[in-house]
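Undergrad: Generate coordinates for the sequence data below:
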Amino acid sequence: MRVLQSPMEIITGNKVATAVALGAAAVVGYCIYFDNKRRSDPLFKEKLKERRRKNRELLQQKNKRGIPDLKDHSAVQQYFLQEIQLGETLLAAGDLENGVEHLANALTVCGQPNQLLGVLQQTLPPNVFNALIEKLPQAGMRLAGEPSAADDLGLE
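TA: Model (predicted):
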């Protein structure tokens with residue numbers, strides 16, 4: 001005659017299967033409830049259209065400024081070279097402010113910014129180099145505020 005049962009004997013396969021089935025049913029019910037709630041929201045489609053419109057506008061603004069998709073290595077390299085060339089051209093023409101801004105943009109996407117800074121420090125006049133150092137945080141924040149193109153479109 002058995003008086004005491006071990007805890008493993010109490011929990012049987014049928015009980016475990018029942019608990020798993022109830023948990024799965026609860027999760028599916030939860031999903032159905034909130035999906036129905038979302039679909040019945042009269043403003044849902046308007047909110048979705050508005051969010052997609054804003055994302056499209058952000059992408060268009062980003063493309064106007066010429067900031068590349070940071071996931072595309074060739075686009076980043078092309079942008080880097082373009083910004084370096086434009087910065088040098090503007091500095092040679094005497095437009096220090098815009099030239100420094102373009103060099104700062106190039107530094108933000110550069111793979112080895114410390115080496116480039118060393119080269120620029122040796123080649124640029126001290127006042128221009130100091131202006132470049134002051135512009136770097138602004139250029140970095142501008143670039144960091146740019147989401148990728150896929151995120152902008154809200155694609156899933």
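
Undergrad: Show me the chain divided up by domain.
TA: 11-40, 68-150 (automatic domain parsing).

Undergrad: and stretch 20-27, how far from the chain's centre?
TA: 36 Å (CA atoms, centre = their mean, to the nearest Å).

Undergrad: Need the CA coordinates for stretch 123-142. CSV is fine.
TA: The C-alpha coordinates for stretch 123-142 follow below in CSV (Å, rounded to 0.1, in the frame of the first residue of the first chain):
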residue,chain,number,x,y,z
THR,A,123,47.1,70.3,-43.8
LEU,A,124,44.5,72.8,-42.6
PRO,A,125,45.3,76.2,-41.0
PRO,A,126,44.7,76.2,-37.2
ASN,A,127,41.7,78.4,-37.3
VAL,A,128,40.0,76.2,-39.9
PHE,A,129,40.9,73.0,-38.0
ASN,A,130,39.4,74.5,-34.8
ALA,A,131,36.2,75.4,-36.6
LEU,A,132,36.1,71.8,-37.9
ILE,A,133,36.4,70.4,-34.4
GLU,A,134,33.6,72.7,-33.2
LYS,A,135,31.3,71.5,-36.1
LEU,A,136,31.9,67.8,-35.4
PRO,A,137,29.3,67.4,-32.7
GLN,A,138,26.6,69.1,-34.8
ALA,A,139,27.4,66.9,-37.8
GLY,A,140,27.4,63.8,-35.7
MET,A,141,24.0,64.6,-34.2
ARG,A,142,22.6,65.3,-37.6
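
Undergrad: Buried residues of that stretch, list them for me.
TA: 124, 128, 129, 131, 132, 135, 136, 139 (16 or more other CB atoms under 10 Å). Where you see a C-beta, it was placed from the backbone N, CA and C, and this is true even at glycine.

Undergrad: Name the nearest residue to the fifth one, ignoring sequence neighbours.
TA: Same thing as residue 132. residue 100 (4.9 Å; CB to CB, 6 or more residues apart in numbering).

Undergrad: so who does the one you found touch?
TA: 87, 91, 128, 131, 132, 135 (CB atoms under 8 Å, 6 or more residues apart in numbering).

Undergrad: Which of these fall within helices?
TA: 87, 91, 128, 131, 132, 135 (DSSP state H).
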